[in-house]
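Q: What shape does this take:
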Amino acid sequence: MIIKLERLKIQTRDSEEAVNITSRVEQAIEKSGVQNGLVNVMTTHTSSGLLVTEGIPCLEQDILAHFARLFPENENYHHRRYLDYDGRLGFNAEAHLKSVIGGISCSFPIESGKMVRGSRQTIYFMEYDGPLERTCLVQIIGE
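A: Got it, this is the predicted structure:
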């Protein structure tokens, strides 16, 4: 049994963006040597996410636009206040809510050393509160 954990550093450039990380996950699988198993990808940040969808720019734009309508920046969120436990002002409730709705992880089987996914499935790291340097964990388990 092989268990590998790789950390992907992702530098985002905008306050919100969709970053295709599919090839980086595939490279981690190849590097691991696992032939059959499972890969799990997870963001370590509560104001970002991971989504799997068709990899085309118009859909990337639609996702971000619809999330913005669902969670407008200037809403009166409970999180937008002084946080006693943290000693600072909460300001990014909409980013956290997008993460909750969109999700923070995805998993795919590995067969013959390759990630098994639909022909159009693309793994996106979703930035909701950038630009920042972010970390995704890629855990590969198998033989």
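Q: Quick check: the residue most central in space within the chain vs Ser105, distance?
A: With the centre of the chain defined as its mean C-alpha position, the nearest residue by CA atoms, centre = their mean is Leu50, 2.6 Å away. Leu50 sits 6 Å away from Ser105, going by CB to CB, to the nearest Å. In this view, the C-beta of every residue, glycine as well, is placed from N, C-alpha and C.
Q: same check, this time on Phe71
A: Using CB to CB, we find Phe71 at a distance of 20 Å from Ser105.
Q: that older thread, quick check: bridge partners of the residue nearest to the centre of the chain?
A: With DSSP bridges applied, Leu50 shows beta-bridge pairing to Phe125.
Q: Quick check: neighbours shared by Leu50 and Ser105?
A: Val41, Met42, Thr43 (CB atoms under 8 Å, 6 or more residues apart in numbering).
Q: Quick one: distance of the host helix or strand of Thr135 to the chain centre.
A: Using DSSP states H and E, Thr135 maps to strand 133-142. Its chain's C-alpha centre and that of strand 133-142 lie 10 Å apart, by CA atoms, centre = their mean, to the nearest Å.
Q: Chain neighbours aside, what residue packs nearest to Glu127?
A: Using CB to CB, 6 or more residues apart in numbering and skipping the chain neighbours, the partner closest in space to Glu127 is Thr12 (4.0 Å).
Q: What of Ser99?
A: Gly49 (4.5 Å).
Q: can you pull the pLDDT of the one you found?
A: Per-residue pLDDT puts Gly49 at 98.
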